[in-house]
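Enquirer: No letters, just coordinates:
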Ligand SMILES: [Zn+2]
């Protein structure tokens, strides 16, 4: 889905970015307590920002390359052999997967995590994640997070509602990734936000019978206007990619992930996990 744009985003994944998204005051105009609320949130935010981050990995396709696959697409397509090597290397090194709820509890209450925590996430509802990704994860009893764009559910090459329910029943996490994968910063109306934030959450909760309270921004693009809306709609956390700084007031809505290029083996991936987090 919209691979070209995604590839552009990868180009900046490891770059430094000076953008700051700390000003939410426009949303709170007229509120007498705004300064106090923001001050308190910032203090809490800083406490969260001081904690060591957990490496969060982001995958799109578990799919072998064509004979002359474009170099750019190799970043988004993880050949089965490389994916298996990456996951095996995590298991061999003693990594244990955690869920967004566990990460949230650690960040907000100091709840303990395993000694070597990692989060494995998949985006965009692609069926190859179910066909090739899940069996490899299950081999090591790893749990993953599936950020689901809802519009392609049940379509060819995408996961079905039945498969999403099965994944959730196995203890993996179904999370939201909008209705049709827009650049969230371009949304304007209340209806846009309802369609892209609230309705996908409700649809996925109806499919899985479980709360859906975690969100990933399409293309990793964040927008400070959206953080309070996500909070209002019942999302506890949201994930960008690594290119933007975390927001000091809403750090839980700017958690960071790295895309794992299909070219990496397990050793290279672990090296980047240490650098990026
Ligand atoms: Zn996506």
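Expert: Structure received. Worth saying up front: this structure is predicted, and the values here are computed from it rather than measured.
Enquirer: Quickly list what the residue of the stretch 1-150 of the chain found nearest the ion is bridged to.
Expert: Nearest to the ion, among the residues of the stretch 1-150 of the chain, is residue 123, at 4.0 Å (Cβ to the ion). C-beta: built from backbone N, CA, C; applies to glycine. Listed by DSSP bridges, the beta-bridge partners for residue 123 are residue 147.
Enquirer: Now do the contacts for it.
Expert: Neighbour list for residue 123: 58, 59, 60, 147, 149, 177, 216 [criterion: Cβ atoms under 8 Å, 6 or more residues apart in numbering].
Enquirer: Next, format these as CSV and append neighbour count and secondary structure.
Expert: Putting the contacts of residue 123 into CSV (neighbours: other Cβ atoms under 10 Å; DSSP: H, G, I helix; E, B strand; the rest coil) gives the following:
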residue, neighbour count, secondary structure
58, 23, strand
59, 25, strand
60, 22, coil
147, 23, strand
149, 23, coil
177, 25, coil
216, 29, strand
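Enquirer: Model confidence for residue 243, exactly?
Expert: The score at residue 243 is 83. That number is its pLDDT.
Enquirer: Apologies, that question was intended for residue 36.
Expert: On the pLDDT scale, residue 36 is placed at 63.
Enquirer: repeat for residue 108
Expert: Residue 108 carries a pLDDT value of 95.
Enquirer: Equivalent analysis for residue 27, please.
Expert: In this prediction residue 27 is given a pLDDT of 37.
Enquirer: Residue 40 now?
Expert: 62.
Enquirer: With the one 4 residues further on instead?
Expert: Among the per-residue scores, residue 44 shows a pLDDT of 82.
Enquirer: What is the burial count for it?
Expert: Counted with other Cβ atoms under 10 Å, the burial measure for residue 44 works out to 15 neighbours.
Enquirer: And it, how close does it get to residue 251?
Expert: Separation of residue 44 from residue 251 (Cβ to Cβ, to the nearest Å): 9 Å.
Enquirer: How about residue 48?
Expert: Taking Cβ to Cβ as the measure, residue 48 falls 4 Å from residue 251.
Enquirer: again with residue 212
Expert: In this view, residue 212 and residue 251 are 21 Å apart by Cβ to Cβ.
Enquirer: and if you look at residue 156?
Expert: Taking Cβ to Cβ as the measure, residue 156 falls 39 Å from residue 251.
Enquirer: Neighbour count for the two, which is higher?
Expert: When residue 156 is set against residue 251 and neighbours are counted by other Cβ under 10 Å, the residue ahead is residue 251, at 24 against 6.
Enquirer: So what does the more buried one have for phi and psi?
Expert: Dihedral angles of residue 251 (phi, psi; degrees, to the nearest 10) stand at phi -60, psi -30.
Enquirer: just wondering, since we're on it, how far is it from residue 100?
Expert: Summarising the geometry, the distance separating residue 251 from residue 100, computed by Cβ to Cβ, is 14 Å.
Enquirer: Could you do residue 249 as well?
Expert: Here residue 249 is placed at a distance of 20 Å from residue 100 (Cβ to Cβ).
Enquirer: Repeat that for residue 130.
Expert: If you measure residue 130 against residue 100 using Cβ to Cβ, the figure is 20 Å.
Enquirer: Show me what stretch 248-255 is in contact with.
Expert: Residues from elsewhere that reach stretch 248-255, judged by Cβ under 8 Å, 6+ apart: 21-22, 24, 38, 41-42, 45-46, 48-49, 53, 56, 103-104, 107-108, 222, 224, 226-228, 230-231, 235-240, 244-247.
Enquirer: Quick one: buried ones out of these?
Expert: By the neighbour-count criterion of 16 or more other Cβ atoms under 10 Å, these include these buried positions: 21, 24, 38, 41-42, 45, 48-49, 53, 56, 103-104, 107, 222, 224, 226-227, 230, 235-240, 244-247.
Enquirer: returning to what we had before: and for residue 48 and residue 251, which residues touch both?
Expert: With contacts taken as Cβ under 8 Å, 6+ apart, the residues that reach both residue 48 and residue 251 are residue 107.
Enquirer: For residue 53, which residues are in contact?
Expert: For residue 53, counting by Cβ under 8 Å, 6+ apart, the contacting residues are 255, 256, 277.
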